[in-house]
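[1] Fold the following.
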Amino acid sequence: MDVWGAILVLIRRFYLTVPIAALTMFGGYAYAHGVAPEYHATSSIVILGPTAGASNNKDAPPAPANPYATMSLTTLLTALQIDMTNAQSIAAITAAGGTGDFTMNVVNRSSIVVITATSENARQAVNTAGEVVNLVKADLANRQKPYTTQEQYQVTAQVIGAPALQPVDTKSRTRAEAIAIGTAIAITIILVLVIDAMLERARQRRRRERSAHDDELESANERHSPVVRS
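    So this is what the prediction gives:
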């Protein structure tokens, strides 16, 4: 069956098309509006190098050798991203009331990291963004402890944007509505075409049965009809 033939079937079976479409559309609409909106919370940090300057005192002890202080920013940020997304960090974030659905993005040509958390619960999204910041700070400190415990010789993370909720994202609900409408239309077309095929097959079967019955009656009449001899 071509497209035009399917359209004609849908029109001819309008008493099926209309109610099925109404029911599927209503069900899809109810489902779409049951989809919770997504909340996004962001926080920002900047990675700072050691604050201790060079000493002019020749008798002063040398500054501790901290490989993280000489590490490239790209390598350091990559290590932080790996640490924050491992199973142990995700478990800690979840235990603190957060979610594992977050991202860490570096602002181009800068040492600024933007953390974005996504959740169906607004408070959870904010908690996640804050907890990731805390873990980044702790991770930096723990990694540098074997080399120095003095903060002025360490690479640190400073908060420049506290965790804050962003405008509600309704795109997920819009996508759900579009998918529901498309699914409803597809289900309507399929059901109407299937029912039409079943009705057409039943009609043809009845027609064959009626034709066979008529043939039997005609044969019976011919057998019982008197033969006229001339």
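[2] show me what contacts the closest residue in space to Ser111 that isn't next to it in sequence?
    Excluding its sequence neighbours, the residue lying closest to Ser111 (C-beta to C-beta, 6 or more residues apart in numbering) is Ile47, at 4.2 Å. Yep, even glycine has a C-beta here, placed from its N, CA and C like the rest. The contact partners of Ile47, taken as C-beta atoms under 8 Å, 6 or more residues apart in numbering, are 73, 76-77, 111-113, 155-157.
[3] Roughly how far does the closest residue to Thr156 other than its chain neighbours sit from Ala125?
    Setting aside the residues directly before and after it, Thr156 is nearest to Leu48 in space (C-beta to C-beta, 6+ apart), at 5.2 Å. Per C-beta to C-beta, to the nearest Å, Leu48 is found 26 Å from Ala125.
[4] Neighbour count: these two, which is higher?
    Taking other C-beta atoms under 10 Å, Leu48 and Ala125 do not tie; Ala125 has more neighbours (27 against 12).
[5] Would you mind confirming that the more buried one makes contact with Glu131?
    No. With contact defined as C-beta atoms under 8 Å, Ala125 does not count as touching Glu131 (10.9 Å).
[6] Overlap in contacts, these two.
    Listed as contacting both Ala125 and Glu131 by C-beta under 8 Å, 6+ apart is no residue at all.
[7] What helices and strands are in contact with the lengthiest helix in the chain?
    The longest helix of the chain (DSSP state H) is helix 171-224. Applying 3 or more C-beta pairs under 8 Å, 6 or more residues apart in numbering; DSSP states H and E, one finds that helix 171-224 makes contact with helix 3-12, helix 14-33.
[8] Which among those is found nearest to Gly182?
    Ranking the helices and strands packed on helix 171-224 by proximity to Gly182 (C-beta to C-beta) places helix 14-33 first, at 8.6 Å.
[9] Show the average pLDDT along that closest one.
    In this model, helix 14-33 has a mean pLDDT of 80.
[10] How about stretch 136-147?
    In this model, stretch 136-147 has a mean pLDDT of 92.
[11] Buried residues, that stretch. List them.
    Across stretch 136-147, burial judged by 16 or more other C-beta atoms under 10 Å covers 136, 139-140, 143-144.
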